[in-house]
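J.: Structure for this input, please:
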Amino acid sequence: MSVLDAPRGLHNVVVTATSIGDVRGDEGFYHYRQYSAIDIATHLTFEDAWYLMVEGALPTDAERREFLRAAAPLRVLPEEVRAAVAAVAESGPKQPLFALRTVLSGLVDPVPLYESAESDKRAIALRLCAMTPTILAAVHRIRSGLQPIEPRADLTTAQNWLYMITGDVPEDAHAKAVDRYLTATIDHGFNASTFTARVVASTGSDVTSAVCAAIGAFAGPLHGGAPDRALDGLDQIADIDAADSWARSKISAGERIMGFGHPVYRTEDPRSVLLRDTAQELGGELIAKAVQVEKIVATALADLKPDRKLYANVEYYAGVLMELCGIPRSMFTPTFACSRMVGWCANIVEQSHDSKIIRPIARYDGPPAPQPLPVQQ
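T.: Residues are numbered from 1 along each chain as shown. All right, here's what the predicted structure looks like:
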């Protein structure tokens, strides 16, 4: 059997087929099913996109109402999950995503994917997606010395997220902004966490195990953990006149400027453009500063790295938008996880239809083998 050497990071290697969506980096375009993800985020809602991920089609008004009716009670945590959340919040991992993974790993989901009926897989996936925001918000509030807040059946996912974190029903503008963010980040090709979820699913494991593996990948600082660090970079620039020297010194030192560059896009990140426009609708000094700094950093990158096309990515304006909407920085990446959970679950269910395990090989580059064992002294 012939062996194919893949590039580092499996860059541009096609490993399977999917009908969930795609990213066309050279065009600055990505889509969910057959629709532009940006169009959905701009004109529809997170719940519409969630339904599309599950059913493969956008919902009618009646289908949307029924979907919301089914999802609403699943947001409410059963008593055993509440107890697990309280225990993890008080003495578990400090990173909110690790706390989520710990709670979810205790859920009973023992049936292997290949032995599960399609309806059972979807039911488990729906439950995981519905309860994830409630778990994360409860962990945050307990650690802040506050009582968890019950989700409300009359609120959307975005409204509930802000409500369960802050205790206040959000302004319409803030709910709309967060809804756009959640919708725009549901899925994005075979990113590291999605691929991880599909690898685990390919073994025939259960939905929850695959989701927990995805969370572990997503928590890595090179993947989902950048929105707060991108905003930290803005904080370092006290005076806009110092932005150019700040950027150039970092680039010259070989340091990464968080919130800039993407492994796929060779154009502006369409998610960044959407979130920039949305944040500008909210207005304020922070977004005005962010837009100025983006232009300055982009110019410095073009000057010092002319062979690479580096633009602001989704994390840059995600941090700005969430800050404007009152989400604490420790909850930026958890907000991202609330939306990406829908994409993970869609990919897990799709992967379960393929009985072939994902099993690549590595090229050995250690000392030649076999060698004699060393003589014992």
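
J.: Please make it C-alpha for all contacts and neighbour counts, starting now.
T.: OK.

J.: do you know how far residue 300 is from residue 92?
T.: 42 Å (CA to CA, to the nearest Å).

J.: And residue 208, by the same measure?
T.: 19 Å.

J.: higher neighbour count, those two?
T.: Neighbour totals were compared for residue 208 and residue 92, and residue 208 leads with 25 against 18 (other CA atoms under 10 Å).

J.: And the lowest-mean-pLDDT helix or strand in the chain, how far out from the chain middle?
T.: Scoring the helices and strands of the chain by mean pLDDT, DSSP states H and E places helix 227-236 at the bottom, with a mean of 84. Computed by CA atoms, centre = their mean, to the nearest Å, the chain-centroid distance of helix 227-236 equals 18 Å.

J.: contacting residues around that helix?
T.: 257-259, 290, 293, 315-320, 329-330, 332-333 (CA atoms under 8 Å, 6 or more residues apart in numbering).

J.: Enumerate the positions of that helix that are buried.
T.: With burial defined by 16 or more other CA atoms under 10 Å, the residues of helix 227-236 counted as buried are 227, 228, 229, 230, 231, 234.

J.: got it, and stretch 334-351?
T.: 334-351.

J.: Give me the subset of the residues you listed lying in helices.
T.: 334-351 (DSSP state H).

J.: can you redo the buried residues of helix 227-236 as JSON lines with distance to residue 100?
T.: Listed next are the buried residues of helix 227-236 as JSON lines, based on distance: CA to CA, whole Å:
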{"residue": "227", "distance to residue 100": "19"}
{"residue": "228", "distance to residue 100": "19"}
{"residue": "229", "distance to residue 100": "21"}
{"residue": "230", "distance to residue 100": "23"}
{"residue": "231", "distance to residue 100": "24"}
{"residue": "234", "distance to residue 100": "29"}
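
J.: Can you tell me which of those residues is closest to residue 124?
T.: residue 227 (29.1 Å; CA to CA).

J.: Which residue ranges of the stretch 51-200 of the chain form helices?
T.: Under the criterion DSSP state H, counting those that start in this stretch, the stretch 51-200 of the chain contains helices at 61-75, 79-91, 96-105, 118-143, 157-166, 172-184, 192-202.

J.: what about the fourth one, average pLDDT?
T.: Okay, so that is helix 118-143. Helix 118-143 comes out with an average pLDDT of 96.

J.: what's that helix packed up against?
T.: helix 61-75, helix 79-91, helix 96-105, helix 157-166, helix 207-218, helix 332-351 (3 or more CA pairs under 8 Å, 6 or more residues apart in numbering; DSSP states H and E).

J.: Identify whichever of those helices lies nearest to residue 22.
T.: helix 332-351 (12.0 Å).

J.: List the contacts of the closest one.
T.: In contact with helix 332-351 (CA under 8 Å, 6+ apart) are residues 18, 20, 50, 53-54, 96-97, 121-122, 125, 128-129, 132-133, 136, 182-183, 185-187, 193-194, 197-198, 201-202, 207, 210-211, 214-215, 218, 224-228, 319, 322.

J.: again with stretch 243-258
T.: 226, 229-230, 233, 237, 293, 296-297, 300-301, 304, 315-316.

J.: Kindly recompute the last result at 7 Å.
T.: 226, 229, 230, 237, 293, 296, 297, 300 (CA atoms under 7 Å, 6 or more residues apart in numbering).

J.: cool, stretch 90-102 as well?
T.: So stretch 90-102 is contacted by 88, 135, 136, 143, 212, 215, 219, 334 (CA under 7 Å, 6+ apart).

J.: So which bits of that stretch are buried?
T.: 92, 96, 97, 98, 99, 100, 101, 102.

J.: Assign a three-state SS to residue 22, would you?
T.: strand (DSSP: H, G, I helix; E, B strand; the rest coil).

J.: which ones are touching it?
T.: 30, 31, 188, 189.

J.: Show me the beta-bridge partners of it.
T.: Using DSSP bridges, the bridge partners assigned to residue 22 are residue 31.

J.: Distance check, it against residue 315.
T.: 19 Å.
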